[in-house]
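A.B. asks: this is a predicted model, with the sequence first.
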Amino acid sequence: MSKLMDEVYVKAISLKKHIVLAEGEELRIINAAKKIVEKNIARITLIGRQSVIEEKAGKLEGIAIIDPAKSEKTPIYANLLYDLRKAKGMTQEQAENLALHNPLYFGALMVKNGDADGMVAGSISATGDVLRPALQIIKTKPGVNTVSSCFVMSMPENSVGATYGQKGVLVFGDCAVNPNPTAEQLADIAIASADSAAKIAGIKNPKVALLSFSTKGSAKHELVTKVAEATKIVHEKAPDLCCDGELQADAALIESVGALKAPGSSVAGKANVLIFPDLQAGNIGYKLVQRLAGAEAVGPICQGFARPVNDLSRGCSVDDVVGVVAMTALQCE
Ligand code: ACO
């Protein structure tokens, strides 16, 4: 286990948060729930049929199971969903159907109603199917308009990468949610990623670089203008945040290049939070660093929700689920 995840587990244990796992009948989720409860990382509720869960895993100690077909909360959640979505055209019947038959909606409604602190799902569901109920029901934190995501990237010890960021730890955003963010959304992603860097990655002084193929006007293009505009918005919305853009990746990371291309910048050459201009760049970027540099990539960590929701990869292992639940617990604070 990495040092980063060691610290995440220690913090999660001290918080004792209640996380709902919407895909409660999936064996990896049940096994993860057992490990989480054994290690005191969080309190867990599984959504699913008790008979199916017990047939797969035997009797579970210390883990709550809720079956929407039997829960007295289901009609309450259906009414809550109807109230939240009727202005968008949802009927009472549709709300009842979703609360009863879609555990991703049931889980998001539990969190919205204060019956759980956060939700984790995605082991058998696509990213969009996990995020959409959360976007519709839990929505964003006050003052935040954009839900986004980041990865905490830990470079292998003694590698060249370990000399960048905070001792080889960097945060990359957004690599999983917003396909083509506006300048305002990019600014939100930058501010939220800095917050995740401090809260989850233990980065003491986030230095945020908004990346582009241009440094400080070296190229003229509408895509570059968008990144420069986003940087301006960050300065207005978070004047204390150490942030600069637009910067090329080498100017952001390497002191000598930063000094040459962006003299006087407080971020160039020292960046530890990298903001990609769109989802193609972000998703490709984190996977290249993970595969070619051998970095550990922890995430995607969703940021900006009023209460935390995180999406698993469908290829996730039991330990991946345990890790994401622990990070979700940290985000409850
Ligand atoms: N932040 C805040 N609110 C949002 C966001 C956002 N990023 N995106 C959508 N919303 C809001 C909408 O405005 C809408 O609000 P309303 O209905 O109350 O007016 C609500 O959420 C639902 O929006 P939809 O239009 O139904 O959702 P959409 O179809 O836009 O889907 C989603 C949103 C699921 C996040 C979509 O953008 C998406 O699929 N993103 C890419 C996910 C992906 O495939 N990632 C790559 C794989 S992950 C990996 O490789 C690690």
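C.D. replies: Yep, it's here.

A.B. asks: okay, now whichever residue of the stretch 151-300 of the chain sits closest to the ligand: neighbour count?
C.D. replies: Nearest residue of the stretch 151-300 of the chain to the ligand: residue 176, at 3.9 Å (Cβ to the nearest ligand atom). For glycine as for every other residue, the C-beta is placed from the backbone atoms N, C-alpha and C. Counted with other Cβ atoms under 10 Å, the burial measure for residue 176 works out to 21 neighbours.

A.B. asks: and for residue 317?
C.D. replies: Residues contacting residue 317 under the criterion other Cβ under 10 Å number 14.

A.B. asks: now do residue 190
C.D. replies: Neighbouring residues of residue 190 were enumerated by other Cβ under 10 Å; the total is 29.

A.B. asks: likewise for residue 256?
C.D. replies: Counted with other Cβ under 10 Å, the neighbours of residue 256 add up to 10.

A.B. asks: give me the contacts around whichever strand or helix holds residue 100.
C.D. replies: Using DSSP states H and E, the element containing residue 100 is helix 92-101. Helix 92-101 is contacted from outside by 68-69, 74-75, 77-79, 81-82, 85, 105-106, 109, 133, using Cβ atoms under 8 Å, 6 or more residues apart in numbering.

A.B. asks: hmm, try it at 10 Å
C.D. replies: 68-69, 71, 73-86, 90-91, 104-106, 108-109, 133, 136-137 (Cβ atoms under 10 Å, 6 or more residues apart in numbering).

A.B. asks: in ChimeraX, select just the buried ones from those residues.
C.D. replies: To isolate in ChimeraX the members of these that are buried, counting by 16 or more other Cβ atoms under 10 Å, one can use:
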select :68,71,73,74,77,78,80,81,82,84,85,90,104,105,106,108,109,133,136,137
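
A.B. asks: restrict the contacts of helix 92-101 to those near the ligand?
C.D. replies: Applying Cβ under 6 Å from any ligand atom to those, one finds that residue 136 fall near the ligand.

A.B. asks: the residue of the stretch 151-300 of the chain closest to the ligand in helix, strand or coil?
C.D. replies: coil (DSSP: H, G, I helix; E, B strand; the rest coil).

A.B. asks: confidence score at the residue with the largest distance to the centre of the chain?
C.D. replies: Summary for the chain: using Cα atoms, centre = their mean, the residue whose C-alpha lies farthest from the chain's mean C-alpha position is residue 260, with a distance of 34.3 Å. What the model reports for residue 260 is a pLDDT of 95.

A.B. asks: likewise for residue 1?
C.D. replies: The per-residue pLDDT reported for residue 1 equals 58.

A.B. asks: does residue 226 touch residue 213 like I think?
C.D. replies: No - look at residue 226 against residue 213 with Cβ atoms under 10 Å: they stay out of range, at 12.0 Å.

A.B. asks: need the residues of the stretch 101-250 of the chain near the ligand, please.
C.D. replies: 127-128, 131-132, 135-136, 140, 146-147, 176-179.

A.B. asks: just the buried members of the residues you listed?
C.D. replies: Buried members of those, scored by 16+ other Cβ under 10 Å, are 127, 131, 135, 136, 140, 146, 147, 176, 177, 178.

A.B. asks: now the residues you listed as a markdown table including distance to residue 41 and pLDDT?
C.D. replies: Formatted as a markdown table, these follow (distance: Cβ to Cβ, whole Å; pLDDT from 0 to 100):
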| residue | distance to residue 41 | pLDDT |
| --- | --- | --- |
| 127 | 24 | 91 |
| 131 | 23 | 95 |
| 135 | 26 | 97 |
| 136 | 28 | 97 |
| 140 | 26 | 95 |
| 146 | 29 | 96 |
| 147 | 24 | 97 |
| 176 | 23 | 92 |
| 177 | 25 | 94 |
| 178 | 29 | 95 |
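
A.B. asks: among those residues, which pair sits farthest apart?
C.D. replies: With distances taken as Cβ to Cβ, the most widely separated pair in those is 136 and 176, at 18.3 Å.

A.B. asks: please enumerate the strands of the protein.
C.D. replies: Residue ranges of the strands in the chain, as given by DSSP state E, are 18-21, 43-47, 64-66, 118-121, 148-154, 169-173, 207-211, 242-247, 273-275, 296-303, 309-311.

A.B. asks: can you list the domains in this structure?
C.D. replies: In the domain annotation for the chain, the residue ranges read 3-139+312-331, 148-298 (automatic domain parsing).

A.B. asks: what is the burial count for residue 286?
C.D. replies: When neighbours are defined as other Cβ under 10 Å, residue 286 has 24 of them.

A.B. asks: tell me how far it lies from residue 155.
C.D. replies: Taking Cβ to Cβ, to the nearest Å as the criterion, residue 286 is separated from residue 155 by 13 Å.
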